[in-house]
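> 3D, please:
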Amino acid sequence: MVLSRLRAVVLAVTVMPLLGAGCTPALEEPDRFCQPGFDVERDLFRARCAQSGCHGAGPSPAGGLDLASPDVAARLVQVPSAACGGLRIDPEQPAASLLLDKISGEPACGFRMPLGAPPLAPGEVQCVREWVHETIGAGVGSVDAGPGAPDANPGAPDANPGAPDGTPAPDAMPRAPDATPPGPDAMPPAPDAMPPAPDAMPPAPDAAQPGTGILIVEVYYDHPGTDTGYEWIKLYNDSAAAVDLSGYSLGYGGGDYTYGGISLAGVLGAHQCAVIGGPLGDADNGAPSYFSPVDLDPDVQNSGATADGIALFDRPANEVDATTVPIDTVVYGGANTSGLVDAGGAVSPVDVDDGPDGSSLRRAGATWVIATPPTPHACP
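Residues are numbered from 1 along each chain as shown. Down below sits the predicted model:
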């Protein structure tokens with residue numbers, strides 16, 4: 001795969017413990033925002049974003065995005081986001097790239113990244129902007145990057161008055177996405193460097209299948225010590241419109257889904273998550289920010305040799321009985337000898353084993369996995 005050369009960048013600031021190096025304008029080369037030696041993939045993506053339960057190289061990274069393995073650009077450039085729409089890196093409109101939106105202020109969709117950690121400093125955000133432009137072969141100065149950005153692109157055409165005959169030197173070849181570079185080295189990524197169009201891409205492994213409405217995407221039911229007050233269920237709105245949850249309910253149990261139940265309330269935005277339960281939080285259950293802080297009483301069953309299940313219904317809890325067919329389920333633990341049904345009304349296969357205490361069960365595409373630690377802040 002042909003990709004533009006990635007310039008290494010370095011900081012001329014003191015390294016901050018636990019947060020990795022910052023990235024601010026340096027004095028060695030004032031015409032560049034980032035300096036040689038600091039690498040965005042290594043020192044920002046892997047150090048700040050690839051921790052356990054986030055965008056690491058495991059089988060189910062958050063949002064289906066692995067920022068730890070080699071060839072990060074291949075998983076970003078012209079790749080659609082499974083949760084928010086748009087492109088992770090848009091080679092035609094770099095400033096509209098979801099990657100930049102997610103690390104800059106309040107994103108239009110979902111949560112600011114890194115989730116649950118201090119935000120990137122303005123200089124670090126600018127380093128990522130430069131990396132994005134270099135990765136797609138665009139001039140850094142074409143992004144509205146704030147003060148100092150125009151000088152960060154010494155290779156722009158207006159910076160090369162010494163080529164009156166119209167034959168720019170290699171360093172002066174324009175790299176803006178809408179330009180037509182005269183040489184192959186300065187062209188945007190070759191077609192084989194661009195992933196297929198969105199309709200040719202399967203959903204990311206950890207993303208819910210598109211167009212299915214409200215889904216159960218993660219459950220935490222077995223807390224170290226007492227479960228009461230620490231259990232939660234995470235829902236995801238996989239549609240393009242907000243959904244009023246007042247017509248929905250959750251049920252759970254072993255013999256059927258009526259052992260425990262709760263009617264839902266509130267409006268869940270498009271491509272947003274809601275954590276139902278609690279109301280307590282600690283390091284073991286991921287310290288959720290609860291959409292609906294309510295004790296799941298009785299406690300969700302911990303399963304064992306016989307499977308238990310959790311179901312989502314498109315009606316209030318007082319209208320659900322043992323014959324009501326749910327719209328989504330997760331069945332976990334041992335054998336489903338009670339005949340818990342799936343969303344089609346058929347006896348459900350067991351989706352996932354019973355997890356140890358302190359872990360959650362998390363949806364990973366069409367399957368479920370045991371997640372340690374739980375990830376209440378990741379969406380989906």
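
> the domain parsing of the protein - what is it?
Following automatic domain parsing, the chain resolves into domains at 40-193, 213-371.

> Give the rounded mean pLDDT of the last one.
The one in question is domain 213-371. For domain 213-371, the mean pLDDT works out to 94.

> quick one: terminal-to-terminal distance for that domain?
This stretch, domain 213-371, spans 23 Å end to end (CA to CA, to the nearest Å).

> circling back: out of the domains of the chain, which is closest to H377?
H377 lies closest, by CB to CB, to one member of these: domain 40-193, at 4.9 Å. Any C-beta I mention is one placed from the backbone N, CA and C, and that applies to glycine too.

> The protein: strands as residue ranges?
213-220, 232-238, 243-244, 249-253, 260-263, 267-268, 273-277, 292-293, 308-313, 328-332, 360-364, 367-371 (DSSP state E).

> Format these as JSON lines; extra columns: distance to R46 and mean neighbour count.
What follows is these, written out as JSON lines (distance: least, CB to CB, whole Å; neighbours: other CB atoms under 10 Å):
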{"stretch": "strand 213-220", "distance to R46": "24", "mean neighbour count": "23"}
{"stretch": "strand 232-238", "distance to R46": "26", "mean neighbour count": "26"}
{"stretch": "strand 243-244", "distance to R46": "36", "mean neighbour count": "16"}
{"stretch": "strand 249-253", "distance to R46": "37", "mean neighbour count": "24"}
{"stretch": "strand 260-263", "distance to R46": "40", "mean neighbour count": "19"}
{"stretch": "strand 267-268", "distance to R46": "32", "mean neighbour count": "16"}
{"stretch": "strand 273-277", "distance to R46": "25", "mean neighbour count": "24"}
{"stretch": "strand 292-293", "distance to R46": "35", "mean neighbour count": "18"}
{"stretch": "strand 308-313", "distance to R46": "35", "mean neighbour count": "26"}
{"stretch": "strand 328-332", "distance to R46": "32", "mean neighbour count": "24"}
{"stretch": "strand 360-364", "distance to R46": "22", "mean neighbour count": "25"}
{"stretch": "strand 367-371", "distance to R46": "20", "mean neighbour count": "19"}
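
> which one of those strands lies closest to G86?
Closest among the strands of the chain, using CB to CB: strand 232-238, at 15.6 Å.

> mind listing what the closest one pairs with, with the direction of each?
strand 213-220 (antiparallel), strand 273-277 (antiparallel) (DSSP bridges).

> Go through the ones you listed and name the closest to G137.
G137 lies closest to strand 273-277 among the strands paired with strand 232-238, at 35.3 Å (CB to CB).

> between that closest one and strand 249-253, how big is the angle?
Put simply, strand 273-277 runs at 50 degrees to strand 249-253, going by axes from the mean of the first three to the mean of the last three CA atoms, to 10 degrees.

> what residues does strand 273-277 touch?
Residues outside strand 273-277 that contact it (CB atoms under 8 Å, 6 or more residues apart in numbering) are 217, 220, 231-237, 245, 250, 262, 264, 266, 268, 288-296, 376, 379-380.

> ok, now with 6 Å
231-236, 268, 288, 290-292, 296, 376, 379 (CB atoms under 6 Å, 6 or more residues apart in numbering).

> Could you do stretch 89-106 as well?
With CB under 6 Å, 6+ apart as the criterion, stretch 89-106 contacts 76-78, 81, 84, 86, 88, 107-108, 113, 120, 125, 132-133, 136, 138, 143, 177.

> could you flag which of those are buried?
76-78, 81, 84, 88, 113, 120, 125, 132-133, 136, 138, 143, 177 (16 or more other CB atoms under 10 Å).

> Closest to A68 out of those?
L76 (13.0 Å).

> thought A68 was touching G56?
Yes - the pair A68 and G56 passes the contact test of CB atoms under 6 Å, sitting 5.0 Å apart.

> Between those two, which contacts overlap?
The contact sets of A68 and G56 overlap at A50 (CB under 6 Å, 6+ apart).

> hmm, back to that, now for the strands of the chain, which one comes closest to G64?
Among the strands of the chain, the nearest to G64 by CB to CB is strand 360-364 (8.8 Å).

> List the pairing partners of the closest one within its sheet, with orientation.
With DSSP bridges as the test, strand 360-364 is paired with strand 213-220 (antiparallel), strand 367-371 (antiparallel).

> ok, residues contacting the longest one?
What it means is strand 213-220. The contact list for strand 213-220, computed with CB under 6 Å, 6+ apart, reads 208, 232-239, 243, 285, 310, 312, 328, 330, 360-363, 374, 380.

> rewinding a little: nearest to V350, of the contacts of strand 273-277?
Of all the contacts of strand 273-277, I233 has the smallest distance to V350: 18.2 Å, by CB to CB.

> residue contacts, that closest one?
Counting by CB under 6 Å, 6+ apart, I233 touches 219, 250, 276-277.

> on that earlier part again, got a markdown table for the strands of the chain, with distance to L99 too?
What follows is these, written out as a markdown table (distance: least, CB to CB, whole Å):
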| stretch | distance to L99 |
| --- | --- |
| strand 213-220 | 22 |
| strand 232-238 | 21 |
| strand 243-244 | 27 |
| strand 249-253 | 34 |
| strand 260-263 | 37 |
| strand 267-268 | 25 |
| strand 273-277 | 20 |
| strand 292-293 | 31 |
| strand 308-313 | 31 |
| strand 328-332 | 30 |
| strand 360-364 | 22 |
| strand 367-371 | 24 |
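
> All good on my end, thank you.
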